[in-house]
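Engineer: need a structure here:
(one chain, ligands or ions: 1)
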Amino acid sequence: MKELEAGPKGILFVISAPSGTGKTSLIRRLLEEVEGLAFSVSYTTRPPRPGEVQGKDYHFVSKEEFLRRAEEGFFLEWAEVHGDLYGTPWESLRLSDDEDLILDLDPQGARRVKDLRGDAVLIFVVPPSMEELERRLRERGKDPEEAIKERLADAQKELDQIHLYDYIVINDRFEEAFRRLSSIVLAERCKRDRVLRR
Ligand code: 5GP
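Structural biologist: Okay, the predicted model is just below:
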């Protein structure tokens, strides 16, 4: 039992998805409806989109500040995604002492977290098809045309990393996808080793 008792108690849930898959809305709903979940707020050099809140959706920082923090070892992982830098601060892990932690990461970040914590749960949210993804990205209207094209190309590369993940959630209908996602969280909490460790 000794080693089972070591380390943070919370489960690390890494959620990845190609841009425009509906992941942000799914995570928002998860945090609202499932108790005992905290969200790891990443740092990014990407400018805020309309409606995004500093410190809640991301810590928006300059490239200089980001690179300085990276140099100082502030991030447990960081990566370039769609031409901007994104990083998870080590301090996020402290949240998982009391709660389970949701990390919204690209496949590079997911792999790094799995290397750090073999019991992290990796969930990939996928669109029903590439055509549907393109339709959703345009409908969202938040990114310029060039960024949409880049994100579609990146989506295919991200989908190639699907083998890293423990669970796949197809977001065909939002409610159904949410039910699947919350079921994964609840089922993971019921795993024998986790129950005995708590
Ligand atoms: P967006 O700009 O659409 O919010 O996010 C772009 C991508 O960056 C998404 O795939 C998201 O999962 C990923 N991302 C967000 N924060 C981090 C992070 O801290 N580390 C890594 N590796 N990826 C991140």
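Engineer: tell me the phi and psi of residue 192?
Structural biologist: Backbone torsions for residue 192, taken as degrees, to the nearest 10, come to phi -50, psi -50.
Engineer: Show me what counts as buried in whichever helix or strand residue 76 is part of.
Structural biologist: If you go by DSSP states H and E, residue 76 is part of strand 75-81. By neighbour count on 16 or more other C-beta atoms under 10 Å, the buried set for strand 75-81 is 75, 76, 77, 78, 79, 81. Heads up, the C-betas are built off the backbone N, CA and C, glycines and all.
Engineer: Could you find the closest non-adjacent residue to the third one?
Structural biologist: Sequence neighbours aside, residue 112 is the residue nearest to residue 77 in space, at 3.8 Å (criterion: C-beta to C-beta, 6 or more residues apart in numbering).
Engineer: Residue 76 is in contact with the one you found, correct?
Structural biologist: Yes: if you go by C-beta atoms under 8 Å, residue 112 and residue 76 touch, sitting 7.3 Å apart.
Engineer: For the closest residue to residue 186 other than its chain neighbours, give me the pLDDT.
Structural biologist: Closest residue in space to residue 186, ignoring its immediate chain neighbours: residue 34 at 7.5 Å, by C-beta to C-beta, 6+ apart. Per-residue pLDDT puts residue 34 at 97.
Engineer: Stretch 42-58 and the ligand, are they touching?
Structural biologist: Yes: under the criterion of C-beta under 6 Å from any ligand atom, the ligand is reached by stretch 42-58 at 42, 46.
Engineer: re the thing from before, quick one: the residue nearest to residue 77 from the ligand, how far?
Structural biologist: Distance, residue 112 to the ligand, using C-beta to the nearest ligand atom, to the nearest Å: 7 Å.
Engineer: Sticking with that residue, tell me its helix or strand.
Structural biologist: helix 107-116.
Engineer: quick check: angle from that helix to strand 75-81?
Structural biologist: 160 degrees (axes from the mean of the first three to the mean of the last three C-alpha atoms, to 10 degrees).
Engineer: I'd like to know which of the buried residues of strand 75-81 is nearest to residue 57.
Structural biologist: residue 81 (15.0 Å; C-beta to C-beta).
Engineer: could you check the distance from the nearest residue to that closest one once chain neighbours are set aside over to the ligand?
Structural biologist: Among residues not flanking residue 81 along the chain, residue 106 sits closest, at 4.8 Å (C-beta to C-beta, 6+ apart). Here the criterion is C-beta to the nearest ligand atom. By it, residue 106 lies 4 Å from the ligand.
Engineer: list the contacts for the residue positioned nearest the centre of the chain?
Structural biologist: Note on the chain: the residue nearest the mean C-alpha position is residue 104, at 1.3 Å, using C-alpha atoms, centre = their mean. Counting by C-beta atoms under 8 Å, 6 or more residues apart in numbering, residue 104 touches 15, 16, 23, 24, 27, 39, 40, 42.
Engineer: what about the residue in the chain that the ligand sits nearest to, how many neighbours?
Structural biologist: Of all residues in the chain, residue 109 sits closest to the ligand, at 2.6 Å by C-beta to the nearest ligand atom. By other C-beta atoms under 10 Å, 23 other residues sit near residue 109.
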